[in-house]
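**Q** sequence unknown, structure follows:
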């Protein structure tokens, strides 16, 4: 085989060249986790001279293109490394498109080290890629710019060229903070589907996009500083199909927890039966519990535990990444005194209790292995609400609080409930104020170091300083506009209040669960699902829009009440127009008019919750009624999740 070490500009930039994905290859498989890791590497490359990103195996294709390259070929099949190669091609396209969005009529020009003149980057100047047949439709959407009209982003586990491009655009809109973490950025939905997804994001959410100069630096880092080793298949080598099968048939990647476990057991200096007994006695049960738990995570549960564990234990002062956890733990472990490196004691006193606490945290208290006593329902509900609202970033904090509580001989549920209150209040208030939960990991890493790593913060003080203010929440939920000398709460100004669009159904249910639990007492049945489970339309509970999203059965009433439809539509997703209803009843409510909905709820014997009374007693459901209920629920939230 012929070998070459080359920068990406020599592979990606010559527009006359062509790469093809042969049919025996898999189609595009990278999900957002791997894409996020690559973006983090690219950001790192902006501060490095060179950054090696792996190996690609190529072979001359039977279909030839117009000109050759420095590798001495015309058109090449990508035999291994196509996932990374195509992803980088999509990344460069996204950089160009975001630059042109910010600078209409201008082209992206970048000064490169070995070029006398600035290099102009356009979509057309990059190497062509003949993608796998299963990816052709998506690839054509991106190449033709029709992707700008695409209205949906599939949040499922499926991977696609289209998802990769859209995710890159989202990262560039979110800003540099989204590029230094391994945590995947949460993708806002476009439920209305009126405009293209990218235009919807730009118009409806607050962004701090990367600057034009940042784009230039990242393009330079991508094409100049990312190095790849290229192996070129020659006629004297084995057939390319045989080489491909050999490369992929037995490939099994070890996870971070696999490496972590191996490192700890080797560090124990025990061997054979003694090492096996150490593992069986001190670690196997908790490891198996996590591995077998149904948690609906996008990464291996044990790898996710280790990531959260390193953060929660404040083991490192560095930014914690999913693929650096073993390295950070090893550095911390080897800095200990020899007398403090008893593996069996560490497993018993720290690791396995942390695994049990993490499992309780991420499952909403559903799985409570080896905790001192069973968590009461109120604690379980609080944990569930935190997880359903934040979807992961706060798990290290929750798990650490449960871990510390479980080691106290005098610990009781009341103390745990109070500690969790500060975390829950931070989460709910962040949601209500419209602040994003992604990226949030870096902030939580810093908080854990300050709270648990020898800093001066307590959990309460952190919640007081980090939580959104009452005024921010009132402004976000009631869409008020502050004016000099005027109390913003006295201004009746509501425009496109989209709490539900920002929050989504799971987080909305969590907020109402907290309200109902606080206000209804015995009637406060659980409205929030256990984390790791998925509520569907046929599930137990569902979010109901009191004034419906399809309003044809309301039009006659609105005319009779003298209400402009546009004023109702601007409040469609407001907090005051939402309720949480058992799903089988929600289905029967459908888009019925006010009187029919009230009648259906009475016949179904829905508990007379205080949160529903304004709707049940209303003779007219108008913008003023929605505003008043929004105002009332907002004040309820500020009292329930008080941090002062």
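**A** Here it is on my side, so go on. For clarity, every value in this text was computed on a predicted model and none was experimentally measured.

**Q** break the chain down into its domains, please.
**A** Using automatic domain parsing, the domain ranges for the chain come out as 2-249, 256-468, 488-640.

**Q** so for the longest one, what's the average pLDDT?
**A** Mean pLDDT, computed over domain 2-249, is 77.

**Q** just stretch 326-336 next, same as before
**A** Averaged over stretch 326-336, pLDDT sits at 90.

**Q** so which bits of it are buried?
**A** By neighbour count on 16 or more other CB atoms under 10 Å, the buried set for stretch 326-336 is 326, 328-329, 333. From N, CA and C alone the C-beta is placed, and that goes for glycine too.

**Q** mind listing what's buried in stretch 631-644?
**A** Those would be 631, 633-634, 636-638, 640-641, 643, for stretch 631-644 by 16+ other CB under 10 Å.

**Q** ok, and the closest non-adjacent residue to residue 38?
**A** The spatially closest residue to residue 38, leaving aside those adjacent along the chain, is residue 87, at 6.0 Å (CB to CB, 6 or more residues apart in numbering).

**Q** number of nearby residues for that neighbour?
**A** Neighbour count for residue 87, taken as other CB atoms under 10 Å: 20.

**Q** please identify the pairing partners of the strand ranked longest in the chain and their relative orientation?
**A** The single longest strand within the chain, with elements called by DSSP state E, is strand 51-60. If you go by DSSP bridges, strand 51-60 pairs up with strand 75-80 (antiparallel), strand 226-233 (parallel).

**Q** what's the closest of the ones you listed to residue 612?
**A** strand 226-233 (56.8 Å; CB to CB).

**Q** so which bits of that closest one are buried?
**A** Buried residues in strand 226-233, defined by neighbour count with 16+ other CB under 10 Å: 226-228, 230-233.

**Q** sorry, back to before: show me what counts as buried in the longest strand of the chain.
**A** Buried residues in strand 51-60, defined by neighbour count with 16+ other CB under 10 Å: 51, 53, 56-60.

**Q** show me how far stretch 443-454 is from its chain's centre.
**A** Chain-centre distance of stretch 443-454: 21 Å, with CA atoms, centre = their mean, to the nearest Å.

**Q** same check, this time on stretch 600-616
**A** Per CA atoms, centre = their mean, the displacement of stretch 600-616 from the mean C-alpha position of its chain is 35 Å.

**Q** endpoints of it, how far apart?
**A** Start-to-end span of stretch 600-616 (CA to CA, to the nearest Å) is 11 Å.

**Q** now it: average pLDDT?
**A** For stretch 600-616, the mean per-residue pLDDT is 78.

**Q** pLDDT score for residue 422?
**A** We have a pLDDT of 96 for residue 422.

**Q** tell me which element it falls in.
**A** In this assignment (DSSP states H and E), residue 422 forms part of helix 413-432.

**Q** report all helices and strands that that helix contacts.
**A** Counting by 3 or more CB pairs under 8 Å, 6 or more residues apart in numbering; DSSP states H and E, the packing neighbours recorded for helix 413-432 are helix 377-390, helix 395-406, helix 459-466, helix 470-478, helix 499-520, helix 623-640.

**Q** thinking again about what came up before, make CSV out of the domains of the chain and add distance to residue 476.
**A** Formatted as CSV, the domains of the chain follow (distance: least, CB to CB, whole Å):
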stretch, distance to residue 476
domain 2-249, 11
domain 256-468, 4
domain 488-640, 8
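
**Q** want to try a markdown table for the strands paired with strand 51-60, with distance to residue 620 as columns?
**A** Below are the strands paired with strand 51-60 laid out as a markdown table (distance: least, CB to CB, whole Å):
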| stretch | distance to residue 620 |
| --- | --- |
| strand 75-80 | 65 |
| strand 226-233 | 63 |
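
**Q** distance of residue 623 relative to residue 561?
**A** According to CB to CB, to the nearest Å, residue 623 and residue 561 sit 10 Å apart.

**Q** neighbour count winner among these two?
**A** Using other CB under 10 Å as the criterion, residue 623 and residue 561 rank with residue 623 on top: 21 against 14.

**Q** which ones are touching the more buried one?
**A** 494, 563, 567-568, 570-571 (CB atoms under 8 Å, 6 or more residues apart in numbering).

**Q** please apply the same query to residue 580.
**A** Per CB under 8 Å, 6+ apart, neighbours of residue 580: 508-509, 512-513, 516, 527, 541-544.

**Q** any low-confidence regions in the stretch 501-644 of the chain?
**A** 521-540, 582-590, 605-608 (pLDDT under 70).

**Q** what about the strands in it?
**A** 541-545, 578-582 (DSSP state E, counting those that start in this stretch).

**Q** can I get those in a markdown table including distance to residue 376?
**A** Formatted as a markdown table, those follow (distance: least, CB to CB, whole Å):
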| stretch | distance to residue 376 |
| --- | --- |
| strand 541-545 | 21 |
| strand 578-582 | 22 |
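
**Q** wait, which of the ones you listed is closest to residue 96?
**A** It's strand 541-545; of the strands of the stretch 501-644 of the chain, that one is closest to residue 96 (CB to CB) at 39.5 Å.

**Q** of the helices and strands packed on helix 413-432, which approaches residue 105 most closely?
**A** helix 499-520 (32.5 Å).

**Q** nearest residue to the middle of this structure?
**A** Centroid check for the chain by CA atoms, centre = their mean gives residue 186 as the closest residue, at 3.8 Å.

**Q** which residue is the nearest non-sequential neighbour of that one?
**A** Residue 186 sits nearest to residue 438 (CB to CB, 6+ apart), 3.9 Å away.

**Q** how many neighbours does residue 418 have?
**A** 12.

**Q** so how far is residue 613 from it?
**A** Distance from residue 418 to residue 613, counting by CB to CB: 30 Å.

**Q** ok, now residue 91?
**A** 53 Å.

**Q** more crowded one of the two?
**A** Between residue 91 and residue 613, residue 91 has the larger neighbour count (other CB under 10 Å), namely 24 against 11.

**Q** pretty sure that one sits against residue 43.
**A** No. Contact criterion CB atoms under 8 Å: residue 91 and residue 43 do not qualify, at 11.5 Å.

**Q** is it true that residue 308 touches residue 397?
**A** No. The pair residue 308 / residue 397 is not scored as a contact, 9.2 Å apart, by CB under 8 Å.

**Q** pLDDT weak spots in the stretch 351-500 of the chain?
**A** Short version for the stretch 351-500 of the chain, where the test is pLDDT under 70: 365, 367-373, 479-497.

**Q** swap the cut-off to 50 and go again
**A** 480-496 (pLDDT under 50).
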